[in-house]
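>>> requesting a structural model of the entry that follows:
(one chain, ligands or ions: 1)
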Amino acid sequence: MHIFVTGGAGYIGSICSEELINAGHQVTIFDNLTEGHRLAVDPRAKFIKGELAERDQILPAVREARPDAVMHFAANALVGESMTNPSKYFRNNVASGINLLDAAVEAGVKKFIFSSTCATYGTPEKIPMDERLPQKPINPYGHSKLMFEQILNWYDKIHNLVYVNLRYFNAAGASGKFGEDHRIETHLIPNVLKVALGQKDQCEIYGENYATPDGTCIRDFIHIHDLAAAHMLALDRETSASYNLGSGEGFSVRQVIEIARKVTGAAIPVVVKEPRPGDPPRLVASSHKITSELGWRPKYPRLQPVIESAWAWHQKHPNGYGD
Ligand SMILES: NC(=O)c1ccc[n+]([C@@H]2O[C@H](COP(=O)([O-])OP(=O)(O)OC[C@H]3O[C@@H](n4cnc5c(N)ncnc54)[C@H](O)[C@@H]3O)[C@@H](O)[C@H]2O)c1
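Residues are numbered from 1 along each chain as shown. Model prediction:
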């Protein structure tokens, strides 16, 4: 298939593109490089430097590509920033995304895979989290993703655009070539590894009095290869659906740091800071739906190999992509 990938110069989009190409698909990447990196673009893909907000850039790009499917990774994804600058999030994650949807409809695209998030649920009423939970986002980032899911539903009803919403938990790990290099890094694992590399003095723990066994927040980390595999399976769906995508296992912040100490052999000092507003104590996915409907199963359910793959990449690329 020919897949049109937005955000393919970013962390998740770059590795999913790599795996799509490895599986024999043709890939066109569309990215404005505001957050992504030119060196993260797989050289076997066609690359278009373009801006989703500009209809006269995205419409001809999709028209010319005439892809079989679109995978939409491009977005702004910093929860904290969305709390101070909601406009940026609704514009980029919703309004600019509508340009892409119009382009897909105009080009006769039949399938649309959307990078959604567990942040659409807000603070969950129950763990593990399945797709029947109410979606009540507690920040503009999560709300922008929920709005886009709802818009997709109308594009399916009106234009027969089949969509799959993949609501990721925490993506982690690296492939041999590509890894995680966000310009502003808020994710736990790369930040812990920066301490191991000697680039940061200590690792912040935000809150240690949560109602969890060791008092720190519990999160679900999914290996980037498992995440990419889910995208591949989603391409085969004939009708629209939404799936939670996590490993189904929760690890506390302290447990993650402990495993990183083992993997890196570094001491990794920590500093405990105030809890961040809106950080739910536990976010753990139920993978039941995607397992039973798409046959998806994580190959890397254990956290250590995930951190090992990230560590290997960060050691080889201590300054990320260097731009
Ligand atoms: N990283 C995670 O753990 C995680 C968890 C849940 C959901 N997600 C979602 O997955 C997707 C990818 O996340 P990531 O961590 O790879 O982020 P990322 O910032 O590394 O990648 C996003 C890419 O989109 C590009 N982009 C953004 N706005 C654009 C625009 N208007 N036009 C063209 N390109 C644009 C950026 O340059 C960047 O390369 C996002 O939609 C994010 O919300 C990520």
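
>>> how about the strands in the stretch 151-300 of the chain?
Under the criterion DSSP state E, counting those that start in this stretch, the stretch 151-300 of the chain contains strands at 162-168, 170-172, 203-206, 218-219, 221-223, 241-245, 251-252, 270-273.

>>> quick one: the residue nearest to Ala75 when sequence neighbours are not counted and the ligand, what's the gap?
Spatial nearest neighbour of Ala75, chain neighbours left out: Asn93 (4.8 Å); criterion: C-beta to C-beta, 6 or more residues apart in numbering. Every C-beta, even on glycine, is put in place using the N, C-alpha and C of the backbone. Note on Asn93: its distance to the ligand, by C-beta to the nearest ligand atom, to the nearest Å, is 7 Å.

>>> what about Asn93, how many residues nearby?
Neighbourhood size, Asn93 [other C-beta atoms under 10 Å]: 24.

>>> ok, now which ones touch it?
Shown in contact with Asn93 (C-beta atoms under 8 Å, 6 or more residues apart in numbering): Ala75, Asn76, Tyr141, Ser144, Lys145, Met147, Phe148.

>>> picking up where we left off before, could I get the strands of the stretch 151-300 of the chain as TSV with mean neighbour count?
Listed next are the strands of the stretch 151-300 of the chain as TSV, based on neighbours: other C-beta atoms under 10 Å:
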stretch	mean neighbour count
strand 162-168	23
strand 170-172	23
strand 203-206	18
strand 218-219	24
strand 221-223	24
strand 241-245	23
strand 251-252	22
strand 270-273	13
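
>>> what about the helices in the stretch 151-300 of the chain?
Per DSSP state H, counting those that start in this stretch, the stretch 151-300 of the chain carries helices over the ranges 188-196, 224-234, 253-264, 288-294.

>>> typed the wrong thing, it's the stretch 1-150 of the chain
Using DSSP H, counting those that start in this stretch, helices in the stretch 1-150 of the chain cover 11-22, 55-65, 79-84, 86-90, 96-106, 140-159.

>>> deepest of these, which one?
Among these, helix 11-22 has the highest mean neighbour count (mean count of other C-beta atoms under 10 Å), at a mean of 24.

>>> and that helix, how far from the chain's centre?
Distance of helix 11-22 from the chain centroid (C-alpha atoms, centre = their mean, to the nearest Å) equals 12 Å.

>>> now for that helix, which elements pack on it?
Applying 3 or more C-beta pairs under 8 Å, 6 or more residues apart in numbering; DSSP states H and E, we find helix 11-22 packed against strand 2-6, strand 26-31, helix 224-234.

>>> tell me how many other residues surround Thr117.
Other residues lying near Thr117 total 25 when counted by other C-beta under 10 Å.

>>> same question, Arg237
Arg237 has 16 neighbours, counted by other C-beta under 10 Å.

>>> in CSV, list the C-alpha atoms belonging to stretch 148-164.
Extracted C-alpha coordinates of stretch 148-164, given in CSV (Å, rounded to 0.1, in the frame of the first residue of the first chain):
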residue,chain,number,x,y,z
PHE,A,148,-10.6,15.3,16.2
GLU,A,149,-11.9,11.8,17.0
GLN,A,150,-15.4,13.2,16.9
ILE,A,151,-14.8,15.0,13.6
LEU,A,152,-13.5,11.8,12.1
ASN,A,153,-16.8,10.1,13.1
TRP,A,154,-18.7,12.6,10.9
TYR,A,155,-16.2,12.2,8.0
ASP,A,156,-16.9,8.5,8.1
LYS,A,157,-20.7,9.0,8.2
ILE,A,158,-20.7,11.6,5.5
HIS,A,159,-17.7,10.7,3.3
ASN,A,160,-17.2,7.0,4.1
LEU,A,161,-13.7,7.7,5.4
VAL,A,162,-12.9,4.6,7.5
TYR,A,163,-10.9,5.6,10.6
VAL,A,164,-9.0,3.9,13.3
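
>>> need the residues that contact that stretch.
93-94, 97-98, 101, 104-105, 109-114, 116, 120, 135, 165, 234, 237-243.

>>> so how far is His159 from Ser247?
Per C-beta to C-beta, to the nearest Å, Ser247 is found 34 Å from His159.

>>> so which bits of the chain are right by the ligand?
Neighbours of the ligand within the chain, by C-beta under 6 Å from any ligand atom: 6-7, 9-13, 31-36, 51-53, 73-75, 77, 92, 96, 115, 117, 168, 170-171, 182.

>>> go again with 5 Å.
Residues of the chain found near the ligand (C-beta under 5 Å from any ligand atom) are 7, 9-12, 31-32, 34-36, 51-52, 73-75, 77, 96, 115, 117, 168, 170-171.

>>> contacts for stretch 43-56, please.
The set of residues external to stretch 43-56 that reach it, using C-beta under 8 Å, 6+ apart, is 5-6, 8-9, 17, 21, 27-33, 38, 41, 57-58, 61, 65, 74, 91-92, 95-97, 99-100, 102-103.
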